[in-house]
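Q: missing the sequence, but the structure's below:
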């Protein structure tokens, strides 16, 4: 399986069939399914040595795409702040200035769900020879065997904004149904207590006493979603809310998972 597998065109119907972030979050956390998924994913990515390039992300949408549109993320100054804005844009992606960053995986195929023009993400998008086709095949097989694999996709997580953040900050996403856009701002960790973690990064941890390498799941609060307080937007699309007793999740916890010496 080659890198070309990651370059399929945007599938509007597949994207529009995604549920809300609240729905997806509730499903993947049932019966500790998310913990098991992250444990297995961390082992797989570290085994193939691609944890610096990829992570995983919760598949969801905030609004609908129309015919000829695709979801695209770009750097903007929003309300006087540096931000990443994701919204529907028309036309096919120009791979010289934009790449997919999030894929839904099914039946052994990768379907781009969102694109980005972020320079760091573009630099991490693989070229032929950067990653083994075996990894893409193994990840696709892994997703097929997971009961929540249809709700978590492969993702390029790092962005330019991360280089400017201090350790006590994260990227927090605000979604606007009226404008059909989502905006990521740098925010203090103290502001994200009622938000949903939507992406997970991994790293290899070395035990200095034994010399063993283990995959580590680092649930960094990289992207989260915070939505308006419900209602219906001007487009007639419902605006989701995080209210109604939504559970807050702890930030920055770090867990070692998997087996020794993945190979």
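A: The structure has been received and is ready for your questions. Please read these numbers as outputs of a predicted model, since none were measured by experiment.
Q: tell me which residues of stretch 3-13 come out buried.
A: Using 16 or more other CB atoms under 10 Å as the burial criterion, the residues of stretch 3-13 that qualify are 3, 5-6, 10-12. All C-beta atoms are positioned from the backbone trio N, CA, C, and that covers glycine.
Q: which outside residues touch that stretch?
A: If you take CB atoms under 8 Å, 6 or more residues apart in numbering as the criterion, stretch 3-13 is touched by 65-67, 69-71, 92-93, 95, 100, 103, 109-113, 115, 125-128, 130-131, 133, 136.
Q: try it again with 7 Å
A: Applying CB atoms under 7 Å, 6 or more residues apart in numbering, the set of residues contacting stretch 3-13 from outside is 65, 67, 69-70, 92, 100, 103, 110-112, 126-128, 136.
Q: who does the longest helix along the chain touch, helix- and strand-wise?
A: Of all segments of type helix in the chain, defined using DSSP state H, the longest is helix 33-48. For helix 33-48, the helices and strands in contact under the criterion 3 or more CB pairs under 7 Å, 6 or more residues apart in numbering; DSSP states H and E are helix 133-145, strand 199-206, strand 213-218.
Q: each with direction, which strands does the second one pair with?
A: Partner strands for strand 199-206, per DSSP bridges, with pairing direction: strand 55-58 (antiparallel), strand 213-218 (antiparallel).
Q: hey, where'd the helices end up in this protein?
A: With DSSP H as the criterion, the chain has helices at 12-16, 21-28, 33-48, 119-124, 133-145, 160-164.
Q: residue 195: which of these is closest?
A: In terms of CB to CB, the element of those nearest to residue 195 is helix 21-28, at 9.5 Å.
Q: report the mean confidence score over that closest one.
A: For helix 21-28, mean pLDDT rounds to 91.
Q: residues contacting the residue at minimal distance from the centre of the chain?
A: Per CA atoms, centre = their mean, the C-alpha nearest to the average position across the chain is that of residue 57, at 3.0 Å. Neighbouring residues of residue 57 by CB under 7 Å, 6+ apart: 102, 152-153, 155, 198-199.
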